[in-house]
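**Student:** show me the folded form of this:
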Amino acid sequence: MIWRGQYTAILALIFIAGVVVSFIMESVEPGFAALTFVILAHVGVGVINLLFRAFLGRPLVYDVKIMSDDRGAKED
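**Tutor:** Numbers count the residues shown, from 1 in each chain. Next up, the predicted model:
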C-alpha cells in the first residue's frame, strides 16, 4: 500500500532525474523517455488500482484526507 502523494513524488523525482540527464547529455531523448515512463506508470498503476478495488474491495493506492479540527480555542 502506498499513498497517492508518495507515488506522485516518486514519479516526479524520476521525471526530474530524466530532465537533468537530458540537460547533461545535451539531448532530448532522456527527457522524453522519462516523461513517457512517468505517463505509462501513472496510467498503469491507475488500472491496477481500479482492478484491486473491483476484485478485492480495497485500493492499492490510498488517498489521504486531513480533516481540520474546528474545535480550537473559542473566543468569549
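**Student:** centre of the chain to the top helix by length along the chain, how far?
**Tutor:** If each helix of the chain is counted by residues according to DSSP state H, the longest one is helix 29-56. Taking the mean of its C-alpha atoms, helix 29-56 sits 9 Å from the chain's own mean (C-alpha atoms, centre = their mean, to the nearest Å).
**Student:** elements contacting the helix or strand just after that helix?
**Tutor:** Counting by DSSP states H and E, the next helix or strand C-terminal to helix 29-56 is strand 61-62. Strand 61-62 makes packing contacts with strand 2-3, helix 4-25 when contacts are defined by 3 or more C-beta pairs under 8 Å, 6 or more residues apart in numbering; DSSP states H and E. For the C-beta atoms, the positions are set from N, CA and C on the backbone; glycine is no exception.
**Student:** with distance to Leu40, mean pLDDT and mean neighbour count added, can I get the ones you listed in a markdown table?
**Tutor:** Formatted as a markdown table, the entries for the helices and strands packed on strand 61-62 read as follows, by distance: least, C-beta to C-beta, whole Å; pLDDT from 0 to 100; neighbours: other C-beta atoms under 10 Å:
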| stretch | distance to Leu40 | mean pLDDT | mean neighbour count |
| --- | --- | --- | --- |
| strand 2-3 | 17 | 72 | 12 |
| helix 4-25 | 10 | 90 | 14 |
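**Student:** for these, which one sits closest to Tyr62?
**Tutor:** strand 2-3 (5.4 Å; C-beta to C-beta).
**Student:** elements contacting the longest helix of the chain?
**Tutor:** If you count contacts as 3+ C-beta pairs under 8 Å, 6+ apart, helix 29-56 packs onto helix 4-25.
**Student:** residues in contact with the helix it packs on?
**Tutor:** 28-31, 33-35, 37-38, 41-42, 45, 61-64 (C-beta atoms under 8 Å, 6 or more residues apart in numbering).
**Student:** dump it to CSV, restricted to CA.
**Tutor:** Written as CSV, here are the backbone C-alpha positions of helix 4-25 (Å, rounded to 0.1, in the frame of the first residue of the first chain):
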residue,chain,number,x,y,z
ARG,A,4,-1.0,8.8,-3.8
GLY,A,5,1.2,11.7,-2.6
GLN,A,6,4.2,9.4,-2.1
TYR,A,7,3.6,7.8,-5.5
THR,A,8,3.3,11.1,-7.3
ALA,A,9,6.5,12.3,-5.6
ILE,A,10,8.4,9.2,-6.7
LEU,A,11,7.2,9.8,-10.3
ALA,A,12,8.2,13.5,-10.1
LEU,A,13,11.7,12.6,-9.0
ILE,A,14,12.1,10.1,-11.9
PHE,A,15,11.0,12.8,-14.3
ILE,A,16,13.3,15.4,-12.8
ALA,A,17,16.2,12.9,-13.0
GLY,A,18,15.4,12.4,-16.7
VAL,A,19,15.4,16.1,-17.3
VAL,A,20,18.8,16.5,-15.5
VAL,A,21,20.3,13.7,-17.5
SER,A,22,18.9,15.2,-20.7
PHE,A,23,20.4,18.6,-19.8
ILE,A,24,23.8,16.9,-19.1
MET,A,25,23.8,14.9,-22.3
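**Student:** perfect, I'm done here.
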